[in-house]
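*Asks:* Pasting the sequence and the predicted model now:
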Amino acid sequence: MTPTLHLRPHGRLGNHVMQWMTAESLAARVPGLRLRNFDLGPLGRAAPGGKPPLAALMPSLFAQDSDLDLVAQLMTGGEMPFARLYCIVMQAAQWGEPERFRRLLPMGPEPVQTAGPGEILLNVRADEILKARHRDYGPLPLGFYAGVLRETGLRPVFMGQLGEDDYSRLLRQSFPEARFLPSQGALGDFNALRQARHVALSVSTFSWAAGWLSQAESVHMPLLGFFNPEQRPDIDLCPTCDTRFHFYRLGLRQWTASAQQVAALSDTAPVPRLSAAEVEGLRQAAKSARAAARKADAERIVLRARRLKPALPLLRRLWSGD
């Protein structure tokens, strides 16, 4: 029976891309693995879905640092031929090299506006996060952009969720020499990030995925919110072995959009850059902090696989005509 992974997408395009990359990373480990129930919309990749039969019995991946090697071992050995992917396993090291995904998600021929020679594309995430929809997101202080511009000496080009909100006005007032590009839609903005030679990320899965998939010479990443290993030790999106990435430490912040936090966005003091060794230290400390939780999650997955075993003949019959 063909091993099958059923995805449960949530959020917007960035989340969908990173969950699909998680699934494809597992597919690279499990010969013949079939992926179901995803749709990357404008990126042109999709698979049929629907609720899987006997869904309650199927083992599910919930943790964002689930052990994909363990899952692959169980699926390849026939112990767990069916599973559901609820989460995004946000572990860049488990995805391998970005070149494989560049081939799977080629850019179309449509022209986009992006940063040119001597410029850097600064991605802005605003929209609903300005209202504190999630504590691990939130807008970036001006000091991050100031630090990136000081480090690179490049001219700023802002792009993303720019509007007539207070944060967009603050950026325009604080960087009068910058260019501001209107949004080109999800696909256009994604490709603009992929095509730029130099990129500064917002705290966003959309921004990170596009930056990682790009062939940029430099990618500047703020260690804030879910990007910060100290705040989210279960997430590791700091590819210290990728020399394109440059990291900036902004400290711990649970974004609530309080008056104090909003006022702090105006701080123009340049945020310092961290060395790869310093970031690696943060990664290893986070890994140690999560060791017990990762072990418990692995034991849960193995137990669920064992409980699935009596239902495998019925599941195989239900899936045989799919």
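*Replies:* Thanks, I have it.
*Asks:* mind showing which ranges of the stretch 1-150 of the chain have poor pLDDT?
*Replies:* By pLDDT under 70, the low-scoring segments of the stretch 1-150 of the chain are 1, 127-130, 132.
*Asks:* Please name the residues that touch Glu280.
*Replies:* Going by CB atoms under 8 Å, 6 or more residues apart in numbering, Glu280 touches Thr240. Any C-beta I mention is one placed from the backbone N, CA and C, and that applies to glycine too.
*Asks:* Can you give the domain ranges for this structure?
*Replies:* Using automatic domain parsing, the domain parsing of the chain gives 4-105+290-319, 119-287.
*Asks:* most tightly surrounded among the ones you listed?
*Replies:* domain 119-287 (a mean of 19; mean count of other CB atoms under 10 Å).
*Asks:* what's the first-to-last distance across it?
*Replies:* By CA to CA, to the nearest Å, the extent of domain 119-287 from end to end equals 36 Å.
*Asks:* for stretch 167-182, same thing?
*Replies:* Termini of stretch 167-182 sit 15 Å apart (CA to CA).
*Asks:* From the rest of the structure, what touches that stretch?
*Replies:* Contacts for stretch 167-182 (CB under 8 Å, 6+ apart): 113-114, 119, 122, 124, 126, 130, 139, 142, 145, 155-159, 162, 192, 265-266, 268.
*Asks:* Ok, stretch 57-68 next?
*Replies:* Taking CB under 8 Å, 6+ apart as the rule, stretch 57-68 contacts 6, 22, 25-26, 29, 52, 71, 80, 82-91, 94, 232, 234-236, 290, 293-294, 297-298, 301, 304-305, 307-308, 311, 315.
*Asks:* Mind checking which of the residues you listed are in helices?
*Replies:* Of those, the ones assigned to helices by DSSP state H are 22, 25-26, 71, 293-294, 297-298, 301, 304-305, 307-308, 315.
*Asks:* Which pLDDT value belongs to Asp322?
*Replies:* We have a pLDDT of 53 for Asp322.
*Asks:* Now do the contacts for His6.
*Replies:* So His6 contacts Arg36, Asn37, Gly49, Pro52, Ala55, Met58, Phe82, Ala83, Arg84, Leu85 (CB under 8 Å, 6+ apart).
*Asks:* For it, give the beta-bridge partners.
*Replies:* Arg36, Arg84 (DSSP bridges).
*Asks:* how near is it to Tyr145?
*Replies:* Distance, His6 to Tyr145, by CB to CB, to the nearest Å: 41 Å.
*Asks:* And the pLDDT for Ala259?
*Replies:* pLDDT, Ala259: 91.
*Asks:* Quick check: the gap between it and Val89.
*Replies:* For Ala259, the distance to Val89 equals 37 Å [CB to CB].
*Asks:* Same check on Leu318?
*Replies:* With CB to CB as the criterion, Leu318 and Val89 are 27 Å apart.
*Asks:* Tell me which helix or strand Met221 sits in.
*Replies:* Element membership for Met221, per DSSP states H and E: strand 218-223.
*Asks:* So in that sheet, which strands flank that strand, and in what orientation?
*Replies:* strand 198-200 (parallel), strand 245-249 (parallel).
*Asks:* Same list, the ones you listed, but as a markdown table with distance to His134 and mean pLDDT please.
*Replies:* As requested, the strands paired with strand 218-223 are exported to a markdown table (distance: least, CB to CB, whole Å; pLDDT from 0 to 100):
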| stretch | distance to His134 | mean pLDDT |
| --- | --- | --- |
| strand 198-200 | 21 | 98 |
| strand 245-249 | 21 | 97 |
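*Asks:* In TSV: the ones you listed, plus distance to Pro42.
*Replies:* Below are the strands paired with strand 218-223 laid out as TSV (distance: least, CB to CB, whole Å):
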stretch	distance to Pro42
strand 198-200	20
strand 245-249	26
